[in-house]
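Chemist: Provide a 3D model corresponding to the input given below.
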Amino acid sequence: MKRRGKIAAEIGIGGLIEIHGKGGRGTYWTNGCVALANEDMNLLYSLARKGTPILIIGSSISLEKALKNYGYAKN
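Modeler: You can find the predicted model right below:
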C-alpha cells in the first residue's frame, strides 16, 4: 500500500498495530495504530474477547452504527 501511495510513506504501519482510544485528535499521530473515539473503544472492548479476529476497514460512520448495519448490535 505504501508503494502504491495509498498510505503515506512516513506512517509506521505493519508489525505491531494497536487499537486504542483518544481518537479524533488529527491525522497521522498514531504511527500506524487505529485510534477510536473513547466511546467506540469502550463498545469494542465490551464486545471483543482475547483472540477475537479483528478486520480493520476504513469508515466514516461510528462503530455502533456499523455494528447495527451488519447485525452485530449489542442489545
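
Chemist: could you pull out the helices for the chain?
Modeler: 38-47, 63-69 (DSSP state H).

Chemist: turn the ones you listed into TSV, including mean neighbour count, mean pLDDT and distance to residue 20.
Modeler: Every residue, glycine included, has its C-beta placed from N, CA and C. Formatted as TSV, those follow (neighbours: other Cβ atoms under 10 Å; pLDDT from 0 to 100; distance: least, Cβ to Cβ, whole Å):
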stretch	mean neighbour count	mean pLDDT	distance to residue 20
helix 38-47	14	88	7
helix 63-69	14	83	13
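
Chemist: now distance to residue 56 too, for the ones you listed, in TSV please.
Modeler: As requested, the helices of the chain are exported to TSV (distance: least, Cβ to Cβ, whole Å):
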stretch	distance to residue 56
helix 38-47	12
helix 63-69	12
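
Chemist: and the residue nearest the centre of this structure?
Modeler: What sits nearest the mean C-alpha location of the chain, by Cα atoms, centre = their mean, is residue 34, with 4.1 Å.

Chemist: give the burial count for the closest residue to that residue other than its chain neighbours, as a bare number.
Modeler: The shortest distance from residue 34 to any residue other than its chain neighbours is 4.6 Å, reached at residue 19 (Cβ to Cβ, 6 or more residues apart in numbering). Using other Cβ atoms under 10 Å, residue 19 has 17 neighbouring residues.
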